[in-house]
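>>> with the sequence up front, the predicted model follows.
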Amino acid sequence: MENTVNCAEDCVNGCVLGDKCPNKEYVKETSKFIDDTPLDKMLEIAEEAVMKKRMAPPKWVIPEFPE
């Protein structure tokens, strides 16, 4: 029996699966991006993403109430 891991929550302080991590292939790409991209460019990318999200129409979530 294998436990499922939610990487976004469980691996906040580091990978809990070690060598069995299914996302290990992305480590090199991520490290290269961090090393090669200036901080100003990263902030520009983040600001564009925030603006895009703000310009999107609102998404309504209708809660389900138990009867």
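That came through fine. Numbers count the residues shown, from 1 in each chain.

>>> quick one: the spatially most central residue of the chain from residue 57, how far?
The centre of the chain sits closest to residue 8, judged by C-alpha atoms, centre = their mean, with a distance of 6.7 Å. Relative to residue 57, residue 8 is positioned 25 Å away (C-beta to C-beta, to the nearest Å). Backbone N, C-alpha and C define where each C-beta goes, glycine included.

>>> burial count for the nearest residue to residue 7 once chain neighbours are set aside?
Excluding the flanking residues, the one nearest residue 7 by C-beta to C-beta, 6 or more residues apart in numbering is residue 23, at 6.1 Å. The tally of other residues near residue 23 (other C-beta atoms under 10 Å) stands at 11.

>>> from the contact counts, what lies against the least confident helix or strand in the chain by mean pLDDT?
One helix or strand of the chain scores below all others by mean pLDDT, DSSP states H and E: helix 7-10, with a mean of 82. Applying 3 or more C-beta pairs under 8 Å, 6 or more residues apart in numbering; DSSP states H and E, we find helix 7-10 packed against no helix or strand.

>>> what residues does that helix touch?
With C-beta atoms under 8 Å, 6 or more residues apart in numbering as the contact definition, helix 7-10 has outside contacts at 15, 16, 21, 23.

>>> shaky segments in the protein?
For the chain, the stretches flagged by pLDDT under 70 are 1-3.

>>> which stretches in it count as helices?
Using DSSP state H, the helices found in the chain span residues 7-10, 26-36, 39-55.
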